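*Asks:* Quick one: sequence plus predicted model below, questions after.
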Amino acid sequence: MKICEIEIGGRYLAKVSGRSVVVRVTDIREAPTSTWSRQRVCRKRIVAVNESTGREITVRSAQRLRPLLRSIHIGSLAKIDDLQGAERASPEPGVDYDLRLIDGQPLGLTVRFVRRRGDELVAHASDGQDYPVTGTGAYILCPTAKRKEAAR
């Protein structure tokens, strides 16, 4: 990540002692560093709190922080803006989504996830293709209960 993308109060994943933990940013400070030349260079330091231990840590580089991925389900999508950048919406546990044409004919494809591409949402289906689910000529997502396979 870049320092301009970091928000005070935001939660991020950071590597602390070799483990990925959730941290909450409390402050961004300018810390002067000494150099061999006569000029002083100010670098920004990120102050955060490790949410599992409550300890305060200092992150020297914003590249150590990763966005905290949230789990989004297809059924909770109301607008295109509900998905950002590289986020994906997955089916809810116990529910499959089938793709259908506007007249209701099923395509026989199961949706693996929905993602945002520009200003539209596309569904990635079981055949490896992307199908638009918003806009003109969009396909319909139809929820169905998962079939329980008989134990052999």
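*Replies:* Received it, and whenever you're ready, just let me know what you need. Numbers count the residues shown, from 1 in each chain.
*Asks:* distance between the biggest strand by length in the chain and the chain's centre?
*Replies:* When the chain is parsed with DSSP state E, its longest strand is strand 19-33. The chain centroid and the centroid of strand 19-33 are separated by 21 Å, computed with Cα atoms, centre = their mean, to the nearest Å.
*Asks:* who touches the following helix or strand past it?
*Replies:* Where DSSP states H and E defines the elements, the next helix or strand beyond strand 19-33 is strand 41-50. If you take Cβ atoms under 8 Å, 6 or more residues apart in numbering as the criterion, strand 41-50 is touched by 3, 6, 12, 14, 16, 21-33, 35, 55-60, 62, 65. Using the backbone N, CA and C atoms, a C-beta is placed for each residue, glycine as well.
*Asks:* ok, back up a step: partner strands of the longest strand of the chain and their direction?
*Replies:* strand 11-16 (antiparallel), strand 41-50 (antiparallel) (DSSP bridges).
*Asks:* Nearest to residue 142, out of the ones you listed?
*Replies:* In terms of Cβ to Cβ, the element of the strands paired with strand 19-33 nearest to residue 142 is strand 11-16, at 34.7 Å.
*Asks:* which parts of whatever helix or strand residue 121 lives in are buried?
*Replies:* Here residue 121 is covered by strand 120-125, with elements defined by DSSP H and E. For strand 120-125, burial by neighbour count (16 or more other Cβ atoms under 10 Å) applies to 121-125.
*Asks:* Would you map out the domains in the chain?
*Replies:* What automatic domain parsing lists as the domains of the chain is 3-67, 72-145.
*Asks:* Switch these over to TSV; also include mean pLDDT.
*Replies:* As requested, those are exported to TSV (pLDDT from 0 to 100):
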stretch	mean pLDDT
domain 3-67	84
domain 72-145	88
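*Asks:* Can you list the buried residues in stretch 6-25?
*Replies:* Within stretch 6-25, the residues scored as buried using 16+ other Cβ under 10 Å are 6, 11-12, 14, 16, 21, 23, 25.
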